[in-house]
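[1] prediction below, plus the sequence it came from.
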Amino acid sequence: MAEQLTPRSFESADPIAWCPGCGNFGIREAVKLALSELGLKPEQTCFVSGIGQAAKAPHYIRCNLFNGLHGRTLPVATGIKLTNPELVVFAEGGDGDGYAEGGNHFLHALRRNLDMTYLVHDNQIYGLTKGQTSPTSEAGLRTRTTPCGAIEPAFRPLALAVMMDTGFVGRGFCGRPRHLADIIKQAVQHRGFSLVEILQNCVSFNHVNTAKWYSHRIYDLAEEKHDPADRDKAYQKALEWGDRIPLGVIYKSGRESYGVLARDMTEVAGTVPDGAASLRGGDCPPLATSERTPALVDRLLANFR
Amino acid sequence: MSELSIVITGRAGQGLQVISRTLGRMLVRAGYYVFVTQDVMSRIRGGHNFARVRVSSGPVAADGDKAQVLVALDPALVARHLPDLAEDAVVVTEAPAELPAGMNAVVIPLADLAREHGEDPVMANAAAVGATLALLGLELDGTEEMFENQFAHKGNEVVKRNVAAVRAGFRAVEDDHKRCCSHRLGTPAHGLGHDPKLPGSFGHVPRHVLISGSEAIALGAIAAGVRVVTGYPMSPATPIVAYCFGHAQEAGLIVEQPEDEVSAANLAIGAAFAGARAMVCTAGGGFCLMNEALSLDGMTEVPLVLCVGMRPGPATGMATRTAQADVLFSIYAGHGEFPRAVLTPADAGQAFLAAQEAFRIAWKYQTPVFILFDQFMADSLWTVEEDDLRTENRQGRQERQASEPMEAYSYRRYKPTESGVSPMLVPGTPEQLVYADSDEHTEEGHITESAATRDLMVNKRNSKLHGIRQELGEVKVEAEVEAETLVFCFGSTRGVVAEAVARLQKKGHKVAMVHLRYVWPFPAEAVAGLVTKGKKVVTVEQNHTGQLAQLLLQEWGLRVDGIVRRYDGRPFTVGEVESELEKMMGVGNG
């Protein structure tokens, strides 16, 4: 009989290297909860991460894992998803990884809308490199690299995502793992690119945006009957920051995912001959298992006569 | 061996690449060997571009000397080419041009013919093809079939108009100018079994094709089972990706042009990790951006093929021109130490095989393999025997790793082995998990800082180079002579050097060529066996610093006796290599 999946099924034996009290622990609980409730076996998922404290997270759960370079999570995840659409692909990392080093990839992943879930642990600070300013640091935040306070205003990734008509835009908080797990589940179930921004404290380096600071400000959009299909409203909510910070599903687009569009385009353009069934996602089988006939090269060669 | 050269000149936008290819293909179909080079400026309209078409009854892999025929789509460009023409050359042009005594002008209203028969002034290029064929005494049989092959994707109407324009150009010469040209091609050499009405028949079953280096790389990759191709547009690598885009559906390819080269490389790595044969295509500047991904690839032990095109640098350099200056860069690119192979194919035939070899080695040794080429090799059109583009077809196919039965969830991606190569599973394998990590990692693939594990993994990764070295095979002297001077070259200079060396041998020089179809792992032992005491060694390379000479010194302690270099962005000519080598060999050596 198949093993009953519980959060424990996703428990990794790898020793955890985060600071005690780190917000990442709550996020890890939420991810394990979501995966078990989605009924996914560990081998059906593939997590891709970059570098940073958040990027270590996939080592601490049981899943397929590609822990690549700082900022490069989304391109690797894109390659994996295109090649094997059957895998449930997650990209996971921090605010520096995703919005600074990976900023260009982030922008284009929103535009591409490939079916995957991007979990961004946003603590508004660099942890691994010991406390430098990040793209989401509030103006005025004093860090090692901004001794007089950050000069630039904070980047608002959710507003950009709404502007780009991203498939799914949501926000959770590490201190509310149950709520966060529900957001992650909805993100996975959405067919298209899903951005889940996770507010997180950093006990070592961010002494402004603490767990307490967040607790006083966050509220659940579900309680306000927010309609995620209302893009104008979603844009307002995505920009709301300060005394009140919304959590929940901010925006959902009706836009078709990249995989489905690519598959449809292929079908419209004509039939695909022998063994060429897999093209760019959709419901195609993994490329690793598809074969190709030798006659193909002869056919292509004939065009040069 | 009878041969002649044709120069076709015009402005960007006049269809020079199309016309030179069309003419070349018709000549190949007629049974000749053809070699076409393109001299193209980095602009879309205007300027001055030209193509050189060398036609011969024997194999040709280099540009010819003086041209016998000049086809000028813009009469104003005639004067610029006069120094490159034979004394009795024929010039095909629209308007009378001033020519030195001995040359003949064939004035044909190409644009009018194009408008009248091809319904489009750009068809002047097709009319010029017809005129040239008539001048050389060839026939037009098979024209339709060839255009159908070449322009099938553009529809019947385009094929029809092209054919009409070719015929009009042909007739114009037949009627008025046939005797203007004394240049005739001799009996074709290949294509036995064709129509006996030779020369100039198109009746035989073609056994040679005219193909560019880029197309040969793409075709070779497809034959080797590539499934995911990525690239961000940059000369000279763009045509490889373009070919793949054009045949994506037919060949079952995923072809992606992502936001930048960083993404292109990482995307290909993700695809390969997930189980697809993947290739990323770029040129020097783009490859700079991929260095970090290359290092990632070495660390995570993901198989990957990189097609890197060389053009003159540094920085933007000369975008549409050629160089061989990124050899050392390719060998050392990426931080940290990890094994790789760098293949340097000479021509389209070798490029096809290099693609096969690259995929075979990359997947067998789970490490990056380069196909390092240059603009000259990629953009030139080469006559290749069809069978040479089939030979290894089957070899490159996905070799499934026979996996032993494994306990559930016990897979270790980086399990140490004698060869350094660990069994590779893809994510999605039932009851197994795959971890890949850019950090130094344990056998399972988790982050570690253990000194012992670090040593184990460094040794494991780098030990793969031994196997790659065995895999790449021999390097030999390409002549049966007792040579006193060995001329070393790599990549696309092979054709030019071979011809120059052959000329010198005829003059009595004891000289032979050694061409390296790969430069890394450097074949030091093979080289040591070839260069025995007392032999002179010279390199021929398209760079300033003598990078091959540096490798010979570094890898085997050999200080070369001379370096023939060129770095102005143009390919070597046979004549200049011949005279430079002659100078270096000194008087009394012949």
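    All right, it came through fine.

[2] could you check whether the helix or strand where residue B:168 lies is close to chain A?
    Element membership of residue B:168 [criterion: DSSP states H and E] is helix B:156-176. No: using Cβ under 8 Å from any Cβ of the partner chain, we find that helix B:156-176 stays clear of chain A, coming within 13.7 Å at best. (Each C-beta comes from the backbone N, C-alpha and C, glycine too.)

[3] what pairs with the helix or strand following that helix, and is each one parallel or antiparallel?
    Using DSSP H and E, the helix or strand that follows helix B:156-176 in sequence is strand B:208-212. According to DSSP bridges, strand B:208-212 forms sheet pairs with strand B:381-385 (antiparallel).

[4] so is the helix or strand following the partner strand next to chain A?
    Note on strand B:381-385: by DSSP H and E, the next helix or strand toward the C-terminus is strand B:435-437. Yes: using Cβ under 8 Å from any Cβ, strand B:435-437 reaches chain A at B:435, B:436, B:437.

[5] what does stretch B:447-455 give?
    Yes: interface with chain A: stretch B:447-455 contributes residue B:447 (Cβ under 8 Å from any Cβ).

[6] so how far is residue B:259 from the closest residue to residue B:264 other than its chain neighbours?
    Using Cβ to Cβ, 6 or more residues apart in numbering or on different chains and skipping residues adjacent in sequence, the residue nearest residue B:264 is residue B:230, 4.1 Å away. Separation of residue B:230 from residue B:259 (Cβ to Cβ, to the nearest Å) stands at 11 Å.

[7] neighbour count winner among the two?
    residue B:230 (30 against 19; other Cβ atoms under 10 Å in any protein chain shown).

[8] what's the neighbour count on the closest residue to residue A:303 other than its chain neighbours?
    Spatial nearest neighbour of residue A:303, excluding adjacent residues (Cβ to Cβ, 6+ apart): residue B:149 at 5.7 Å. Residue B:149 sits with 16 neighbouring residues when counted by other Cβ under 10 Å.

[9] swap in residue A:262?
    18.

[10] tell me which element it falls in.
    Counting by DSSP H and E, residue A:262 is found in helix A:258-269.

[11] what's downstream of that helix, the next helix or strand?
    Taking DSSP H and E, what comes next after helix A:258-269 is helix A:295-302.

[12] put the alpha carbons of that following helix into PDB.
    Taking C-alpha atoms only, helix A:295-302 is exported to PDB below (Å, rounded to 0.1, in the frame of the first residue of the first chain):
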ATOM      1  CA  ALA A 295      15.100   9.000 -41.300                       C
ATOM      2  CA  LEU A 296      14.900  12.600 -40.000                       C
ATOM      3  CA  VAL A 297      18.500  13.500 -40.800                       C
ATOM      4  CA  ASP A 298      18.100  12.100 -44.400                       C
ATOM      5  CA  ARG A 299      15.000  14.200 -44.800                       C
ATOM      6  CA  LEU A 300      16.800  17.400 -43.600                       C
ATOM      7  CA  LEU A 301      19.800  16.600 -45.600                       C
ATOM      8  CA  ALA A 302      17.800  16.400 -48.800                       C
END
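
[13] which residue packs closest to the residue of the stretch 1-150 of chain A at minimum distance from chain B, ignoring adjacent ones?
    At 2.5 Å from chain B, residue A:79 is the closest residue in the stretch 1-150 of chain A, using Cβ to the nearest Cβ. Distance criterion Cβ to Cβ, 6+ apart; nearest residue to residue A:79, sequence neighbours excluded, is residue B:270 at 2.5 Å.

[14] and for residue B:381?
    Nearest to residue B:381 is residue B:36, by Cβ to Cβ, 6+ apart, at 3.9 Å.

[15] what residues are up against residue A:104?
    Shown in contact with residue A:104 (Cβ atoms under 8 Å, 6 or more residues apart in numbering or on different chains): B:259, B:260, B:262, B:263.

[16] let's see the helix or strand of chain B with the lowest mean pLDDT as CSV, backbone CA atoms only.
    The helix or strand of chain B with the poorest confidence is helix B:143-151; it has a mean of 79 (mean pLDDT, DSSP states H and E). Presented in CSV, the C-alpha positions along helix B:143-151 are these (Å, rounded to 0.1, in the frame of the first residue of the first chain):
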residue,chain,number,x,y,z
THR,B,143,16.6,24.6,-61.9
GLU,B,144,13.0,24.2,-60.8
GLU,B,145,13.8,21.3,-58.5
MET,B,146,16.6,23.2,-56.9
PHE,B,147,14.5,26.3,-56.2
GLU,B,148,11.7,24.1,-54.9
ASN,B,149,14.2,22.6,-52.5
GLN,B,150,15.6,26.0,-51.5
PHE,B,151,12.5,28.1,-51.3
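
[17] which strands and helices lie in contact with it?
    helix B:16-29, helix B:156-176 (3 or more Cβ pairs under 8 Å, 6 or more residues apart in numbering or on different chains; DSSP states H and E).

[18] comparing these, which stretch has the densest surroundings?
    Highest mean neighbour count among the helices and strands packed on helix B:143-151 (mean count of other Cβ atoms under 10 Å in any protein chain shown): helix B:16-29, with a mean of 24.
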